[in-house]
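Colleague: I'd like to go over a predicted model; first the sequence, then the structure.
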Number of protein chains: 2
Amino acid sequence: MLNGVTVVEISSFVAAPTAGLTLAQLGADVIRIDPVGGAPDVHRWPVTAAGRSLYWAGLNRGKSSVELDLADPDAHQLVRQLLAAPGDSNGILVTNLAGKHWLSDQVLRELRPDLIHVQVLGQRDGRSAVDYTVNASTGLPLATGPGPAPMNHALPAWDLLCGLYVAVAVLAALHRRRGSQAGTFATVSLDDVAASVLTTLGFMPEAQLTGTSRPPLGNAIYGSYGTELALADGQRIIVVALTRRHWRDLVAVTHTARLFATLEQELGIDLTDDGVRFQHRDLLDAVLRPWFARRTLAEVAAALTPAGVLWSPFRTLRDFAADLAEGVASPVVSLRDDAGIGTVLATAGPIRLPDEPAPSIPPAPRLGEHTALRLGQPPDGSS
Amino acid sequence: MLNGVTVVEISSFVAAPTAGLTLAQLGADVIRIDPVGGAPDVHRWPVTAAGRSLYWAGLNRGKSSVELDLADPDAHQLVRQLLAAPGDSNGILVTNLAGKHWLSDQVLRELRPDLIHVQVLGQRDGRSAVDYTVNASTGLPLATGPGPAPMNHALPAWDLLCGLYVAVAVLAALHRRRGSQAGTFATVSLDDVAASVLTTLGFMPEAQLTGTSRPPLGNAIYGSYGTELALADGQRIIVVALTRRHWRDLVAVTHTARLFATLEQELGIDLTDDGVRFQHRDLLDAVLRPWFARRTLAEVAAALTPAGVLWSPFRTLRDFAADLAEGVASPVVSLRDDAGIGTVLATAGPIRLPDEPAPSIPPAPRLGEHTALRLGQPPDGSS
């Protein structure tokens, strides 16, 4: 959908590369520019036995790679030439390289006033921050897990969300520019993303209005019913009832309707209300547990899935990867040949266009693979 | 940036409302359509003392609300009229209402072949799934926390990411339609988002290539150095060294350079390599712990922040909300008057345009507030 759009990305780690990748997966021509030898993420784990970064290979699929000495003013001039290329499909920069005069919006906007320039920041004031420090500062780790110990997430959710907001900003700015020739300078910082998202979802207004912090709930779901249950074969699953229908289906399949009706009557509660299910979750757990404890995973699956109950086993990363490799878990991930790695799981992104051919996104480039090509220079002229 | 663009959203819970909200925060006119009495998310926790949902109020800021009997064919006709409105700023639908014939792409595309229709799904095959069941199925909860117990996240990251991918899909489709008059039908499912993101970040390729699952690491950071440290006053902080510079700064401020140099020499290791820091994280913890254990939070802050070390205290949600309310934590969140709630933290989204006036996003509507207005009907004619 973005064929013909060219994006210059000067980036490292997760957020800015995610923005460029998302645009590349939709057909944009994304040129990632790195310092000679690579940015600090070039060897980031996980790595193959041969030391190739699976992380870098994933985040840079479908991009061109240009390697430049970013301390050299001649390199700055080459980047400027890329950004100054005429036409309304050019003049787009995504970067997390902050605080450099030559990359300041003031300097770059002289090239073309209609530049689309989106800057990724750690803290909004330009100081460094990473996903895990931002997460600690929000209070979320103290509301995660079963007890009072702080628990950081394993998924860099703030980085990923920041990267997608950057992609959104680029596309919204592109829309505006086509209508009005107006350029855009936007910044998206990890701490602003966390503040904004936690405000939107009610975490922050609730803490502000009550003066208290939501407690850690383990695998329960705040304000609704979700629980971890152990099965006869030692497997553990999560069962969720967010809506009346989910709850009705769960009660029906576990044959607990009469028991819950009696409890509702005796206690004067209405378990079709999700807040009430949350408040009485220990009671619900106690009633439901025996049905699950007597059954194996296969038996539970045979009963719950046809009944439309929301549930899943707690599986391992290896289980999920094996399903993806067999092509049974998701059509957007499959095994692909990558000259640097071998046959490896890869994705063209999660946006599916069912009526159109599936996009094919080539593997990540070798670092600097397109330096001469993209800069219109003789090979090896730049590094 | 999206002024003039009109989006019809038929949604509930997090993913689809996040897509519409993101577009509304950039200026789009978003009409959320709900069944009479509201969708299952209308009273979702957190709620105020008076029972108003802070969650709904956050996810629907800046939207119009239309309340319709969605079982009534007349209502379907009203939705169709909204979607059929002429012009290249109309004809955009975001929905998570799957499996309804009247909302099928085939039926809707007869209205206008250039329709932009993005469907949010739980599982890609249309079966129900929610963030927490998808997360359990990926293996991530078994790679979260300090030990073997599965640990779901408190942030519905898959919902949020799905919502942002939907916003990206809408904007990319809008770009394509302006160039070619082509319409777009896209689907984004929670399970495809999880599969795609975990593949891109290397979790899945690593599990596939090694046949093993990454272990849970508590508050350490896979492949780099991050650690939780206890201070003299009982506070707990996270300290991170992702890059050579971070590591150099941390060593300098804690006066551990000579000790680490000796260890590097004796053990034949190079701690400027982030993978080596990860492998030897227990050793690094042991060397660094005493410096932190002797100092209070104020003392640590006074030393670490000027030195540029990446760190943060583990704070509470209440602490963060208090900072936001005082206006010291993020310019994108502030106290706003909301007639239904009072003075409450609210946000216009994390994308900042430093050279332009900050957008003002009105509070969420009352359910059905704009039914007559948006459908061009006499008041109270629809519900």
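Modeller: It's in.
Colleague: roughly how far is the longest helix belonging to chain A from the heart of the chain?
Modeller: In chain A, with assignment by DSSP state H, the single longest helix is helix A:157-180. In this view, helix A:157-180 has its centroid 15 Å away from the chain centroid, taken as Cα atoms, centre = their mean, to the nearest Å.
Colleague: can you check stretch A:24-31 too?
Modeller: Its chain's C-alpha centre lies 18 Å from the corresponding centre of stretch A:24-31 when counted by Cα atoms, centre = their mean.
Colleague: before we move on, what about stretch A:39-56?
Modeller: The gap between the average C-alpha position of stretch A:39-56 and the chain average comes to 19 Å, counting by Cα atoms, centre = their mean.
Colleague: contact partners of that stretch?
Modeller: A:11-13, A:17, A:34, A:38, A:59, A:340-342, A:344, A:364, A:367, B:201-203, B:205-206, B:209, B:214, B:222-224, B:242-244, B:273-275, B:278 (Cβ atoms under 8 Å, 6 or more residues apart in numbering or on different chains). For the C-beta atoms, the positions are set from N, CA and C on the backbone; glycine is no exception.
Colleague: show me how to select, in ChimeraX, the buried members of those residues.
Modeller: Buried members of the contacts of stretch A:39-56 can be picked out in ChimeraX with the line below, counting by 16 or more other Cβ atoms under 10 Å in any protein chain shown:
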select /A:11,12,13,17,34,38,59,341,344,364,367 /B:201,202,203,205,206,209,214,222,223,224,242,243,274,275,278
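Colleague: now, which of the contacts of stretch A:39-56 lie within helices?
Modeller: Counting by DSSP H, the contacts of stretch A:39-56 contribute A:17, A:59, B:203, B:205-206, B:209, B:244, B:274-275, B:278 to helices.
Colleague: for stretch A:169-177, give the mean pLDDT please.
Modeller: What stretch A:169-177 shows for mean pLDDT is 98.
Colleague: then stretch A:364-381?
Modeller: Mean predicted confidence for stretch A:364-381 is 83.
Colleague: buried ones in it, by neighbour count?
Modeller: Going by neighbour count (16+ other Cβ under 10 Å), the buried part of stretch A:364-381 is A:364-365, A:367-368, A:370-372, A:374-375.
Colleague: how about the closest residue to chain B within the stretch 151-300 of chain A, nearest residue that isn't a chain neighbour?
Modeller: Nearest to chain B, among the residues of the stretch 151-300 of chain A, is A:G223, at 2.4 Å (Cβ to the nearest Cβ). Excluding its sequence neighbours, the residue lying closest to A:G223 (Cβ to Cβ, 6 or more residues apart in numbering or on different chains) is B:W45, at 2.4 Å.
Colleague: quick one: pLDDT of the one you found?
Modeller: At B:W45, the model reports a pLDDT of 97.
Colleague: from A:N219, how far off is it?
Modeller: Per Cβ to Cβ, to the nearest Å, B:W45 is found 17 Å from A:N219.
Colleague: the more surrounded of those two?
Modeller: With other Cβ atoms under 10 Å in any protein chain shown as the criterion, B:W45 and A:N219 differ in neighbour count, and A:N219 comes out ahead with 23 against 18.
Colleague: which of the ones in helices among the contacts of stretch A:39-56 sits closest to A:G183?
Modeller: Out of the ones in helices among the contacts of stretch A:39-56, the one with the shortest distance to A:G183 is A:P17. That distance is 23.4 Å, counting by Cβ to Cβ.
Colleague: just the residues contacting stretch A:335-344, thanks.
Modeller: A:48, A:52, A:54, A:57, A:325, A:345-346, A:363-364, A:366, B:205, B:208-209.
Colleague: what's the offset of that stretch from the middle of its chain?
Modeller: Using Cα atoms, centre = their mean, we find the averaged C-alpha position of stretch A:335-344 to lie 23 Å away from the chain's own average C-alpha position.
Colleague: how about the strands in chain A?
Modeller: Ranges of strands in chain A, per DSSP state E, are A:6-10, A:29-35, A:64-68, A:92-95, A:116-121, A:184-189, A:225-230, A:236-241, A:310-313, A:333-338, A:342-347.
Colleague: save the ones you listed as JSON lines, and put in distance to A:F260 and mean pLDDT too.
Modeller: Listed next are the strands of chain A as JSON lines, based on distance: least, Cβ to Cβ, whole Å; pLDDT from 0 to 100:
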{"stretch": "strand A:6-10", "distance to A:F260": "54", "mean pLDDT": "98"}
{"stretch": "strand A:29-35", "distance to A:F260": "54", "mean pLDDT": "98"}
{"stretch": "strand A:64-68", "distance to A:F260": "59", "mean pLDDT": "98"}
{"stretch": "strand A:92-95", "distance to A:F260": "53", "mean pLDDT": "98"}
{"stretch": "strand A:116-121", "distance to A:F260": "50", "mean pLDDT": "98"}
{"stretch": "strand A:184-189", "distance to A:F260": "47", "mean pLDDT": "98"}
{"stretch": "strand A:225-230", "distance to A:F260": "12", "mean pLDDT": "98"}
{"stretch": "strand A:236-241", "distance to A:F260": "11", "mean pLDDT": "98"}
{"stretch": "strand A:310-313", "distance to A:F260": "17", "mean pLDDT": "97"}
{"stretch": "strand A:333-338", "distance to A:F260": "40", "mean pLDDT": "95"}
{"stretch": "strand A:342-347", "distance to A:F260": "42", "mean pLDDT": "96"}
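Colleague: what about the nearest residue to A:R352 once chain neighbours are set aside, how many residues close to it?
Modeller: Of all residues not flanking A:R352 in the chain, B:T187 sits nearest, at 4.9 Å (Cβ to Cβ, 6+ apart). Applying other Cβ under 10 Å, we find 21 residues neighbouring B:T187.
Colleague: now chain A, which segments are flagged as low pLDDT?
Modeller: Residue ranges of chain A with pLDDT under 70: A:378-383.
Colleague: residue most distant from the centroid, it?
Modeller: Summary for chain A: using Cα atoms, centre = their mean, the residue whose C-alpha lies farthest from the chain's mean C-alpha position is A:E266, with a distance of 45.5 Å.
Colleague: quick one: contacts for it?
Modeller: The neighbours of A:E266, taking Cβ under 8 Å, 6+ apart as the test, come to nothing; the list is empty.
Colleague: A:L21 too?
Modeller: Remark: with contacts taken as Cβ under 8 Å, 6+ apart, A:L21 is in contact with A:30, A:59-63, A:163, A:349, B:200.
Colleague: what does A:G202 give?
Modeller: By Cβ under 8 Å, 6+ apart, A:G202 lies in contact with B:45-46, B:53-55, B:57-58.
Colleague: and for A:Q235?
Modeller: Residues near A:Q235 by Cβ under 8 Å, 6+ apart: A:296-297, A:313-314.
Colleague: distance-wise, check the residue lying closest to A:V79 once chain neighbours are set aside relative to chain B.
Modeller: By the measure of Cβ to Cβ, 6+ apart, the closest residue to A:V79 outside its immediate chain neighbours is A:I33, 6.4 Å from it. With the distance defined as Cβ to the nearest Cβ, to the nearest Å, A:I33 ends up 18 Å from chain B.
Colleague: equivalent analysis for A:Q77, please.
Modeller: As defined by Cβ to the nearest Cβ, A:Q77 lies at a distance of 25 Å from chain B.
Colleague: ok, that residue - how many residues close by?
Modeller: A:Q77 is flanked by 10 other residues according to other Cβ under 10 Å.
Colleague: likewise A:R52?
Modeller: A:R52 has 18 neighbours, counted by other Cβ under 10 Å.
Colleague: phi, psi of it?
Modeller: Backbone geometry at A:R52, expressed as degrees, to the nearest 10, gives phi -80, psi 130.
Colleague: hmm, back to that, which of the contacts of A:L21 lies closest to A:R109?
Modeller: For A:R109, the closest of those turns out to be A:V30, at 21.3 Å, with distances computed as Cβ to Cβ.
Colleague: for the closest one, what are its contacts?
Modeller: For A:V30, the contacting residues are A:6-7, A:9, A:20-21, A:23-24, A:62-64, taking Cβ under 8 Å, 6+ apart as the criterion.
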